[in-house]
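K.L.:
Prediction below, plus the sequence it came from.
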Amino acid sequence: MRLIDSLRFARAAAFGTPLRTTLLILSMAIGVAAVVMLTALGDGARRFVMGEFSAIGSNLVIVLPGRSETRGFNPANLVTSTPRDLTVEDAAVLLRVPGVVRIAPLIIGTSEINASGHLREAMLVGTNTDFIAVRHLKLALGRPLARDELGHGSAEVVLGALIREEIFGSESPLGKTVRIGDRRLRVVGVLAAGGQGMGMTTDELLIVPVATAQAMFNTNTLFRILIEARSREQIGQVKTRVLKMITQRHDGEEDVTVITQDAVLQTFDKILRVLTLGVFGIAVISLAVAGILVMNVMLVSVTQRTSEIGLLKALGARAATIRNTFLLEAGLLSLLGACAGLGFGHLGAALLRHFYPSFPAYPPDWAVLAGFVTALATGLVFGVMPANRAARMDAVQALSNR
Amino acid sequence: MSLIELADIARTFQLGDSTVQALRSISLNIATGEYVAIMGPSGSGKSTLLNLLGLLDRPDAGTYRLEGRDVTTLSPEEQARVRSERIGFVFQSFHLVPRLTAHDNIELPMVLAGIAPVERKRRVQQALEEYGLTERARHRPDQLSGGQRQRVAIARATVMHPAVILADEPTGNLDRTTGEEVVRLLEGLNAEGVTLVMVTHDQVLGGRARRQLSMEDGAIVHDSALPG
């Protein structure tokens, strides 16, 4: 029997029972669609988290005081017990490290802001003019903090969008004076609304010069130093150089921790990839169920077409020919189901993206391919048994069956 | 030379724990171009004999030579080939594939044999004309009358130009007039030289054949070609 004739015969056989065929294709389609949709969700979550982290600022290297890793016995630990402060001077020196573009020292605390009769508690960040650039924040009004070369601190503040709205309403706050703690500061800028990252919203932030914040909180030490490397490739080098530089400045004691955004990112990336793989596995189970359904439908088909099989044998069909037509039929149904499933899955993912535009629900290519191949393979594997049953049927008995 | 030579053919069936002797030591020669009717009551083994002649069943003992070749020892694949090329079946219940048109049903043996589409088309057209089915070519079996269905079945049986046509009660599901028509078609084929073996329990129909075989209890009790 020619292949094209076998195909035509299988197609006619499959669509001889339209309802059953449609249901079977639907079940296969749901399985494949589940693979596509679930992996789109999983991978979407990964992309979403990656995107959030990138929003903190790209190519970031972060210095925090104190050691968070153990490296065994170090004689320096015996001599000094208290870690040295991470100072504004440390931060300033880091600007000279090759590969560093910008730095932003960071002090964080809470304070009260009092202006035009409103009193409110807010998160206060002491930093420099580059903070806004390093963190990729945007200004709605005014300018960033003035460049403070001498480190004396100026009486300036940049307000978060929500603070500005609650205190000044629609009025422009630029040039107005606000009271923060026991100091009077002049508003020079307002952040654009909607800034996110590092677990806090920037809408409720007060940004003041680092020296001013140090004086307010009466402290010398910094909370963090944010460093922006020139490129992604230089992050590793910058990290080592920064650590070396600070260790040198701290009398050879390694009393700071340097982390890269990249490392955090990779961890999340790994976790969410495994998660996607997990949901893929769950979805594949539904494909196996659909495969069993293929077997069921094909067995019914073989039983219903017993006398036809007898006839085919009487007309001189070889056992292999009969087996192949039934296998082809199973394969054809699986193929149609898989194609329909891809359609449904992509449609579902597109709908998801339509309703949640911030969530990048794109199915990964490997999952789409694997789902498709699995659907075809299960259909064929589960089609083997019914096809063999048809091929082995006794011609005389099959013919007398009506 | 005989077309069909059966020597000491036996066939038993196992029904539960009892053994049924469907055929006991049948020896029979049928020459090319003969017109043979096999008659007998139901259960006499005539259908089993026909199935054996058509290579749908294997004997438990004895040899069957078709055109001088021992076909009992052939592999299932080779037997399928012999069925495809040398044997045409006509059944009581027509056995048309319900989802295929008259045209496609007639074409089916050639499709299974892997004959080229151009040749298939030519032969199907010819068969449709010969059997007066051209108008009905695109109809499915459920849109055809009984006589038309059997004509489609006969066209299908002859389209591979077989040496022998085996007909199992070909008029059993038809009224007298249509049955008559179908028998005349089969006899016409026989007149053209095709060997015709027909199983029937209709005495009148059987009487039209040039040679009658009567079967009883798995054995041939009368052969009109043999004296006595």
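P.N.:
Nice, I can see it.
K.L.:
The residue in the stretch 301-402 of chain A that chain B sits nearest to in helix, strand or coil?
P.N.:
The nearest approach of the stretch 301-402 of chain A to chain B comes at residue A:316, 2.4 Å away (C-beta to the nearest C-beta). (Each C-beta comes from the backbone N, C-alpha and C, glycine too.) Of the three states, residue A:316 takes coil according to DSSP: H, G, I helix; E, B strand; the rest coil.
K.L.:
For residue B:122, pull up the helix or strand it's in.
P.N.:
For residue B:122, the host element (DSSP states H and E) is helix B:117-130.
K.L.:
If you could redo that for residue A:258, that was the one I meant.
P.N.:
Assigned by DSSP H and E, residue A:258 falls within strand A:256-260.
K.L.:
just residue A:39 next, same as before
P.N.:
Using DSSP H and E, residue A:39 sits within helix A:18-55.
K.L.:
residues in chain B within reach of chain A, list them.
P.N.:
Taking C-beta under 8 Å from any C-beta of the partner chain as the criterion, the neighbours of chain A within chain B are B:51, B:54, B:56-57, B:76-77, B:80-85, B:87, B:89, B:91, B:93, B:95, B:97-100, B:108-109, B:111-114, B:156, B:160.
K.L.:
Just the buried ones from those residues?
P.N.:
Of the members of the residues of chain B next to chain A, the ones counted as buried by neighbours, 16 or more other C-beta atoms under 10 Å in any protein chain shown, are B:51, B:54, B:56-57, B:80-84, B:87, B:89, B:91, B:93, B:95, B:97, B:99-100, B:108-109, B:111-113, B:156, B:160.
K.L.:
so who does the residue nearest the centre of chain A touch?
P.N.:
Taking C-alpha atoms, centre = their mean as the criterion, residue A:46 is the residue nearest the geometric centre of chain A, at 1.8 Å. If a contact means C-beta atoms under 8 Å, 6 or more residues apart in numbering or on different chains, then residue A:46 has A:268-269, A:272-273, A:275-276 as its contacts.
K.L.:
Can you check the pLDDT for it?
P.N.:
We note a pLDDT of 88 for residue A:46 in this prediction.
K.L.:
how far away is it from residue B:178?
P.N.:
Computed as C-beta to C-beta, to the nearest Å, the residue A:46 to residue B:178 distance reads 73 Å.
K.L.:
cool, and residue B:91?
P.N.:
According to C-beta to C-beta, residue B:91 stands 16 Å off from residue B:178.
K.L.:
Ok, residue A:67 next?
P.N.:
103 Å.
K.L.:
Which of these two has more residues huddled nearby?
P.N.:
Set side by side, residue A:67 and residue B:178 show more neighbours around residue B:178, with 18 against 15, by other C-beta atoms under 10 Å in any protein chain shown.
K.L.:
is it true that that one touches residue B:144?
P.N.:
No: Residue B:178 is beyond contact range of residue B:144, at 11.7 Å (criterion: C-beta atoms under 8 Å).
K.L.:
need the contact list for residue A:115.
P.N.:
A:167-168, A:176-179.
K.L.:
Filter those residues down to the buried ones.
P.N.:
Buried members of the contacts of residue A:115, counted by 16+ other C-beta under 10 Å: A:167-168, A:178.
K.L.:
can you pick the most crowded of the contacts of residue A:46?
P.N.:
Neighbour max across the contacts of residue A:46 (other C-beta under 10 Å) = residue A:276, 23 neighbours.
K.L.:
The closest residue to that residue other than its chain neighbours and chain B: what is the separation?
P.N.:
Excluding the flanking residues, the one nearest residue A:276 by C-beta to C-beta, 6 or more residues apart in numbering or on different chains is residue A:42, at 3.2 Å. For residue A:42, the distance to chain B equals 43 Å [C-beta to the nearest C-beta, to the nearest Å].
K.L.:
check contacts around residue A:42.
P.N.:
Neighbours of residue A:42 in contact, by C-beta under 8 Å, 6+ apart: A:272, A:275-280.
K.L.:
In chain A, where is pLDDT below threshold?
P.N.:
In the prediction, chain A carries residues with pLDDT under 70 at positions A:55-57, A:68-83, A:149-151, A:195-200, A:402.
K.L.:
need the residues of the stretch 251-400 of chain A near chain B, please.
P.N.:
Proximity of the stretch 251-400 of chain A to chain B, by C-beta under 8 Å from any C-beta, involves residues A:307-308, A:310-321, A:395-396, A:399.
K.L.:
how would you label residue A:362: helix, strand or coil?
P.N.:
Recorded secondary structure, residue A:362: coil (three-state DSSP).
K.L.:
List the residues that contact residue B:183.
P.N.:
Contacts for residue B:183 (C-beta under 8 Å, 6+ apart) come out as B:170-171, B:205, B:208.
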